[in-house]
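In: Pasting the sequence and the predicted model now:
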Amino acid sequence: MNIVYKYILYFFLLNIQNIFSQYTDIINTNRPSTSIGAFSVGKGVIQIESELETKSFVHKSFNNSTLRGNKWNAFLRYGFLLEKLELNFESSFFHGTILDKTFPIHFDEITYGFTNNTLGVKYLLFDPFVNQNESPNIYSWDANNKFKFENLIPAVSVTFGINLYTFFNTLLLENNPYPYEDLYNSIYLSQFQKAFEEPLVTSRLTIATQSILSPNMTLISNWTIDKILANNLSFEYVFSFIYLFNDKISMFIDNRGVQNVLYSDAFFRMGLAALSTKNLQLDGFVSTSVKNTPYLLSLGFGVSYRLDRFNKN
């Protein structure tokens, strides 16, 4: 690899990973991780990130009752007013069949509804790269890619969101089939006859950090308090590690934990992403849970597309 090629490739990787709080030449997407990055898409940019996920659950506490179905997720992002500011809307809809094995005679039913509808605003609080003027070493590829302790200093953002999925389910379906996002709610009610009711509107607060460990390695963390204004809070964390193999292919692995009134669990997701054009990314992933109440195995693929013609440079 000659020096000129190393120099060009370094800047290309840098443009992908150092997602500053401004418009970038390459699409800045959260996918396919479950985490959100600290940076916005850039002022004037409209971006859609979506996925289709096939899920299979087996719940040991309910005599291995199963739930299989498909979940569609969409995340709409818009950078407005300031480079550090982003308006976003996240929506998830599940459709599946649940097989209740808790009675001698097994029966199944079709279940569907929104599991998430959240309108949020993200603001970049701190950017450690904004005044970073260090130039790459064109004579040493290793020097440019080695780990540096100062790279552990993360960018930090805060996102405040309003959860509306209970409102939409009640409005469109006359009830909320998944209070606190519990897909097994119908079986729980048949066993315990205790209804969990979630307010029509709750809120969510997320702190996101993003560290650029090297031009081809990124570490992201999310810390979330969800269901604010409800009687029962939900606490979540996500750690995501992203690694770039080259200028088009990257991999990721993340760990997500959740604890609320109905359950606590940890989930692992990993997969690959491929940059098709500067505005289009394709990805695929597999996900599983740690516990068996319920045990989850899922597969999915996603698409991220940026409509940047509204960007004002």
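Out: Ah, there it is.
In: okay, and the helix or strand of the protein with the least pLDDT?
Out: Every helix and strand in the chain was compared by mean pLDDT, DSSP states H and E; the lowest is helix 3-17, with a mean of 41.
In: helix or strand right after it?
Out: strand 46-59 (DSSP states H and E).
In: residue ranges with poor pLDDT in the stretch 151-300 of the chain?
Out: Along the stretch 151-300 of the chain, segments meeting pLDDT under 70 span 192-195.
In: which stretches of this structure form strands?
Out: Under the criterion DSSP state E, the chain carries strands at the ranges 46-59, 65-79, 85-100, 107-126, 155-163, 202-214, 217-228, 234-244, 249-259, 264-277, 280-289, 295-307.
In: Look up how far S92 lies from the closest residue to L52 other than its chain neighbours.
Out: Leaving aside its sequence neighbours, L52 sits nearest to W72 (C-beta to C-beta, 6 or more residues apart in numbering; 5.6 Å). Bear in mind the C-beta positions are built from the backbone N, C-alpha and C, glycine included. According to C-beta to C-beta, to the nearest Å, W72 and S92 sit 7 Å apart.
In: More neighbours: which of those two?
Out: Using other C-beta atoms under 10 Å, the more surrounded residue of W72 and S92 is S92, with 20 against 14.
In: For the more buried one, give me its contacts.
Out: Taking C-beta atoms under 8 Å, 6 or more residues apart in numbering, we find S92 in contact with 71-74, 114-117, 165.
In: residues near T209, how many?
Out: Counted with other C-beta under 10 Å, residues neighbouring T209 total 19.
In: which residues sit in contact with it?
Out: Contacts of T209 by C-beta under 8 Å, 6+ apart are 38, 154-156, 220-222.
In: Not counting its neighbours along the chain, what's nearest the residue nearest to the spatial centre of the chain?
Out: The centroid of the chain falls nearest to T34 when counting by C-alpha atoms, centre = their mean (2.7 Å). Counting by C-beta to C-beta, 6+ apart, R256 is the residue found nearest to T34 once chain neighbours are left out, at 5.1 Å.
In: wait, what's in contact with the one you found?
Out: Applying C-beta under 8 Å, 6+ apart, one finds that R256 lies in contact with 34-35, 236-238, 266-269.
In: what do you get for S157?
Out: Contacts here follow C-beta under 8 Å, 6+ apart; on that basis S157 touches 37-40, 122-125, 207-208, 210.
In: Okay, and the beta partners of it?
Out: Under DSSP bridges, the beta-bridge partners of S157 are L124, A208.
In: Repeat that for V286.
Out: Listed beta-bridge partners, V286: M270, L299 (assigned using DSSP bridges).
In: R269 is in contact with that one, correct?
Out: Yes: under the criterion of C-beta atoms under 8 Å, V286 makes contact with R269 at 7.2 Å.
In: Tell me which of these two has more neighbours.
Out: Using other C-beta under 10 Å, the more surrounded residue of V286 and R269 is R269, with 22 against 12.
In: Ignoring the adjacent residues along the chain, who's closest to that one?
Out: Nearest non-adjacent residue to R269, counting by C-beta to C-beta, 6+ apart: S287, 4.1 Å away.
In: Hmm, that neighbour is touching L296, no?
Out: Yes: with contact defined as C-beta under 8 Å, S287 reaches L296; the gap is 6.9 Å.
In: joint contacts of those two?
Out: Common neighbours of S287 and L296, using C-beta under 8 Å, 6+ apart, are F267.
In: Tell me the pLDDT of the residue of the chain positioned farthest from its centre.
Out: The outermost residue of the chain, judged by C-alpha distance from the chain's mean C-alpha position using C-alpha atoms, centre = their mean, is P104 at 39.5 Å. The model reports P104 with a pLDDT of 85.
In: For Y295, see how far away it is.
Out: Counting by C-beta to C-beta, the gap from P104 to Y295 is 23 Å.
In: before we move on, the earlier item: which ones are touching the residue nearest to R269?
Out: Neighbour list for S287: 53, 267-270, 296-300 [criterion: C-beta under 8 Å, 6+ apart].
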